[in-house]
Each structure stands twice: as structure tokens, then as C-alpha cells.
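S.K.: quick one, what's the 3D model for this:
(one chain, ligands or ions: 1)
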Amino acid sequence: MSRVPSAAESRRAEIREGLAAARERSGHTVLIGEVELYCDHQGCVARNVTMVVKEYEGATPAALYCPACRRQLKPHGVRTMSEVNDIFDRDARTSVNIQIYKERQRRLGREILGVPGSVICDTRLPGLE
Ligand SMILES: [Zn+2]
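M.R.: Predicted coordinates:
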């Protein structure tokens, strides 16, 4: 009969699996990337914790702790550096598209009450079409 793993054991397993999957996606035995974590302790000021990892000297530990309250962090995802860079580039394009929309609205003398979803979700590089 197997026992139910503790929350701490489950978090460690989830981090180990996330790291292994990211190494697999990267095609390398060591990960260069980011681990996104979350502190769910109610009394803690920290929320998201992003750890940049480079596993040249050894594997990333599966038990990761909050720098503010020292409790075990909850994993939210593991990304390869290529994935991190893709997200950064996509977010940069989106940011520019939103700025262009706002500037066009200002030039037309329109009050900006919000940004349409079609602009927020537009990840195309402006000026290439
Ligand atoms: Zn914390």
C-alpha cells in the first residue's frame, strides 16, 4: 500500500519533472533557463520568484525555498533559455503594438479608455506588413 506524498514531496517531484522536461526540450543534458516559482505562504511578501539556472556545475535542486520567508516554493514552470527569449521577444512586440495604438489614438485626439484585445494579442512585428 502506498502512502500519499506530502505537499513538499509533490512540489519536489513537480520541479524534478519540469526540469527533466525542459532539458529534453532543449536537447541538452543540462538546463540553461528559468524556473518560475510562487510563494503561497499567506504571511509572506514575496509572490513570484524567478530563478535563472545554469546547470554547468550540477543539477538544480528540487527543493527550492522562498528568499523572504524560507518556506518551500510552489513550481509554476520551467523554461529553456530559448523559450525565455521567445517570450521576451513576443512581449516586446506586443508592448510596441500597444504603444503604437495609444499614440495613434492620441494623434486622432481620442481618449484612451482601454486597449482592444486585438491589439493586446497582436504579436506580429510592426512595420513588416
Ligand atoms: Zn515566501
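S.K.: write out the residues of the chain neighbouring the ion.
M.R.: Within the chain, the positions near the ion by C-beta under 5 Å from the ion are C39, H41, C44, A46, C66, A68, C69. For every residue, glycine as well, the C-beta is placed using N, CA and C.
S.K.: just the buried members of these?
M.R.: C39, C66 (16 or more other C-beta atoms under 10 Å).
S.K.: can I get the residues of the chain next to the ion in CSV with pLDDT?
M.R.: As requested, the residues of the chain next to the ion are exported to CSV (pLDDT from 0 to 100):
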residue, pLDDT
C39, 97
H41, 95
C44, 98
A46, 97
C66, 97
A68, 98
C69, 98
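S.K.: and which of the residues of the chain next to the ion is nearest to A7?
M.R.: For these, the minimum distance to A7 (C-beta to C-beta) is 11.9 Å, reached by H41.
S.K.: what residues are up against that closest one?
M.R.: C66, C69, R71 (C-beta atoms under 8 Å, 6 or more residues apart in numbering).
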